[in-house]
Structure formats: structure tokens, C-alpha cells
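Visitor: Sequence and predicted structure, then a few things I'm wondering about:
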Amino acid sequence: MSCAKVIAVNVGRPREVSWNGRIIRTSIFKTPVSGRSRVGRLNIDGDEQSDLTVHGGLDKAVYAYPSEHYAFWKNQLDGRDLPWGSFGENMTTEGLLDDQVRIGDRFRIGSAEFTVTQPRMPCFKLGIRFGDPKIIKRFLEARRPGFYLRVDKEGELGAGDFIHALSSKPESISVVQISDLYSPATRDPAMLVRASQLSDLPLSWREYFAKLIPAD
């Protein structure tokens, strides 16, 4: 964690693309920016979510994805060129893995401060980005979700900035453990109880997990 840093800051505006005979508005296509970027409560300057019913909001203001996962995906996708931002992330990071980062962990990056809120659950737009709807299932099974951040303090950041830990919650649950609860094959009843009680996890997630807890 002491060496964690931002590799790239990536943004994208909404665009319309043709997909399965429909015109879809999406912001999944992100490109790295140079210099420093302003971070607001809802996004990074230059970035804009397309469908606010499922994307964006205070608990999903910024999406981070570990650069370490890119080697895995290049192998899985037969050496396909994957520039930073390929998974729709706003920040490509190094040294901050989603099987170690916990819900509620807080970080300072540049002059901005963040809290980890939830894993990324891919929608069909990831299929648009890769031109293959099967990538959604592969993404879930890979257990490399990345994580969303709430902006606790607005500020600015840029590629190369170190990621400083402000506080952690050892009693919490890792991002990957949360995403595992969506699959019956990896679902642990005891973990469901813990997840349903995490105050930093959005209410909709807590309520969903509470309904899955087996009755005594």
C-alpha cells in the first residue's frame, strides 16, 4: 500500500453507438488525460455518466481499476491492445488490489479524499466496449471487479500521484468478497450477514444481501 499510485486518469463523454440494431448512449469509452484533473462530488472533470439510473451518483462517482489486471486480460483476449481506461475506469491504479481493498477504506489522492463503496458489476455496455457480450460473464468469473469510490473531499489529482491510506476497517470485507456474494457458487451465508451490516456499503446492496440470508 505504501507504493500505491495512480497510473492514469481516464475520462469520457457520452457518445451514441450502434449495438444489436439499437442506438445506445454510453460513456464506457475512456481515454487518459494529461496534467491534473479536478474531482467533484459526482465525477472527474471531463467525464460524464450516460445513464444516471444505473451509473454515477455519490456512491459511484469514480471507478478505479488495478493496472495489475491488464496482463491477465491481455492473455485472456489473445494479446489484444488494451490502453489504460479500457474497462471504463476513471483511475488506473498500481498497488491497490481489489482482493485486499475493503469496503469503507479511505484514501487521499492528490488533494482529494475517497471512500471505497462497492465493486463494479458490469452491464451490457462492457460488451459494447469489447464488441463481445460474452465479456460480461468472463469479467464476473475473473474476480477482478475493480471498485467504486465516493468523493469525501473535492480536490485535484493526476497520473503519478501516490495513494495514501487515511483509514481502514479490518472488520470490513474486501471488494472481491462482496462481488463473490452475487454468485451462489461462492456465496457464504456468514459473509452475507456481515455484508448486510456494512454501513459504507450502499443501502441497496445491504438490503439485497439481507434477503439472501438463509432462515434459521
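Guide: Ah, there it is.

Visitor: can we go C-alpha only for contacts and neighbour counts from here?
Guide: Will do.

Visitor: can you pull the contacts of the most centrally placed residue in the chain?
Guide: In the chain, the centroid-proximal residue (Cα atoms, centre = their mean) is residue 147; its distance is 3.0 Å. For residue 147, the contacting residues are 63, 64, 65, 98, 116, 117, 118, 119, 120, 175, by Cα atoms under 8 Å, 6 or more residues apart in numbering.

Visitor: Widest-spaced pair of those?
Guide: Greatest spatial distance in the contacts of residue 147: 65 and 117, 13.7 Å, computed using Cα to Cα.

Visitor: Once you drop chain neighbours, what's closest to the residue nearest to the centre of the chain?
Guide: Closest residue to residue 147 apart from its sequence neighbours, by Cα to Cα, 6 or more residues apart in numbering: residue 119 at 4.3 Å.

Visitor: need the contact list for the one you found.
Guide: Counting by Cα under 8 Å, 6+ apart, residue 119 makes contact with 145, 146, 147, 148, 175, 176, 178, 179.

Visitor: And the residues you listed, which is closest to residue 58?
Guide: Using Cα to Cα, the contacts of residue 119 come closest to residue 58 at residue 148, 9.9 Å.

Visitor: In a strand, that closest one, correct?
Guide: Yes: counting by DSSP: H, G, I helix; E, B strand; the rest coil, residue 148 falls inside a strand.

Visitor: shaky segments in this structure?
Guide: 1-2, 50-55 (pLDDT under 70).

Visitor: State the distance from residue 214 to residue 190.
Guide: 10 Å (Cα to Cα, to the nearest Å).

Visitor: Ok, residue 47 next?
Guide: Distance, residue 47 to residue 190, using Cα to Cα: 38 Å.

Visitor: Which one's more surrounded, these two?
Guide: Ranked by neighbour count (other Cα atoms under 10 Å), residue 47 and residue 190 place residue 47 first, with 19 against 10.

Visitor: can I assume the more buried one is in contact with residue 11?
Guide: Yes: under the criterion of Cα atoms under 8 Å, residue 47 makes contact with residue 11 at 4.6 Å.

Visitor: my read is residue 73 is in a strand, agree?
Guide: No: applying three-state DSSP, one finds residue 73 to be helix, outside a strand.

Visitor: Any buried residues in the longest helix seen in the chain, and which?
Guide: Looking across the chain with DSSP state H, the single longest helix is helix 203-212. By neighbour count with 16 or more other Cα atoms under 10 Å, helix 203-212 contains the buried residues 206, 209, 210, 212.

Visitor: Thanks a lot, catch you later.
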